[in-house]
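Asker: Sharing a sequence plus its predicted fold:
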Amino acid sequence: MGRGRQKAKHTKVARDLKYFSPDTNYGALEKELSHSTGDPRLDEDLEKWPEYVAGGPSRDEADAEPDAEPRTA
């Protein structure tokens, strides 16, 4: 038996995956995506080094002087 049986198995698996919808645990998802880590040491480190927090200021913005005038060419 050749390709026919193998193709039928792959088709069945693909169909099962396409229509499979597991129950979503929104509480666990929210906990995973929230900022609070539950570890006070990690929260303290993130406050000390905000440049490592996603969405924090970039290195160029952090190094730039706030009252420096922009350079013109």
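Answerer: Yes, it's here.

Asker: Check which residues of whichever strand or helix holds Lys18 are buried.
Answerer: Using DSSP states H and E, Lys18 sits within helix 3-19. Buried residues in helix 3-19, counting neighbours by 16 or more other Cβ atoms under 10 Å, are absent. Quick note: C-beta positions are derived from backbone N, CA and C, even for glycine.

Asker: Rounded mean pLDDT for it, please.
Answerer: Helix 3-19 carries an average pLDDT of 93.

Asker: Report the backbone C-alpha coordinates of it in CSV.
Answerer: C-alpha atoms of helix 3-19 as CSV (Å, rounded to 0.1, in the frame of the first residue of the first chain):
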residue,chain,number,x,y,z
ARG,A,3,0.7,6.9,-1.1
GLY,A,4,-3.1,6.7,-0.9
ARG,A,5,-3.2,5.4,2.7
GLN,A,6,-0.5,7.9,3.8
LYS,A,7,-2.3,10.8,2.1
ALA,A,8,-5.6,9.8,3.8
LYS,A,9,-3.9,9.8,7.2
HIS,A,10,-2.4,13.2,6.6
THR,A,11,-5.7,14.5,5.5
LYS,A,12,-7.5,13.2,8.6
VAL,A,13,-4.9,14.7,10.9
ALA,A,14,-5.0,18.1,9.1
ARG,A,15,-8.8,18.1,9.3
ASP,A,16,-8.7,17.2,13.0
LEU,A,17,-6.2,20.1,13.7
LYS,A,18,-8.3,22.5,11.6
TYR,A,19,-11.5,22.0,13.5
